[in-house]
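Participant: sequence and predicted structure are below.
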Amino acid sequence: MQADFRKSVRRRSLWVPITAAVVTLTFLSVTRSEPAPTGTSPPLQPPRATTRVAPVLLGKEKFQDVVARDKGEKDAVMARQKTLLEERYDLTPHPDPKLTMTRGKPIQVGRRRASRKG
């Protein structure tokens, strides 16, 4: 009985250094730093910001001009987004006749995603 226990411990103890080696190698490969640039490649440029406020902050446009332009574009943007929603989703009400909330408000059931054509 004791010999079986010793063999079991010996087998398990073989996995300890193997597991430690794998964990160590994984840690070292993940935390390895990148080599310093040699100067032959151009320096990396930070990504450009795509914000509508940047021209105002840079003094290229006045804030009132940006607000006026956005207000003028609002109707076209809202129409475009409404068309997109109507293409993607079925927004017609489908209340369950037997199921209501506490004060009688009907609960909508069924699928809202419009079926794909194609």
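Facilitator: Everything's here; your move.
Participant: which strands or helices does the lengthiest helix in the chain pack on?
Facilitator: Using DSSP state H to define each element, the chain has its longest helix at helix 2-31. In terms of contacts (3 or more Cβ pairs under 8 Å, 6 or more residues apart in numbering; DSSP states H and E), helix 2-31 is not packed against any helix or strand. Quick note: C-beta positions are derived from backbone N, CA and C, even for glycine.
Participant: keeping just the C-alphas, turn whichever helix or strand comes after that helix into PDB.
Facilitator: Sequence order places helix 54-57 as the next helix or strand after helix 2-31, per DSSP states H and E. The C-alpha coordinates for helix 54-57 follow below in PDB (Å, rounded to 0.1, in the frame of the first residue of the first chain):
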ATOM      1  CA  ALA A  54     -11.300  69.400 -33.000                       C
ATOM      2  CA  PRO A  55     -11.600  72.300 -35.500                       C
ATOM      3  CA  VAL A  56     -13.200  74.400 -32.800                       C
ATOM      4  CA  LEU A  57     -10.500  73.500 -30.300                       C
END
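Participant: tally of neighbours for residue 68?
Facilitator: 11 (other Cβ atoms under 10 Å).
Participant: so what does the helix or strand where residue 83 lies touch, helix or strand wise?
Facilitator: Per DSSP H and E: residue 83 is located in helix 63-88. Packing partners of helix 63-88 (3+ Cβ pairs under 8 Å, 6+ apart): helix 54-57.
Participant: check the gap between residue 88 and residue 95 for me.
Facilitator: Computed with Cβ to Cβ, to the nearest Å, the distance linking residue 88 and residue 95 is 21 Å.
Participant: right, I mislabeled it, should have said residue 84
Facilitator: Residue 84 is 25 Å from residue 95, where distance means Cβ to Cβ.
Participant: for the worst-scoring helix or strand of the chain on mean pLDDT, name the packing helices and strands.
Facilitator: Scoring the helices and strands of the chain by mean pLDDT, DSSP states H and E places helix 54-57 at the bottom, with a mean of 73. Counting contacts by 3+ Cβ pairs under 8 Å, 6+ apart, helix 54-57 packs against helix 63-88.
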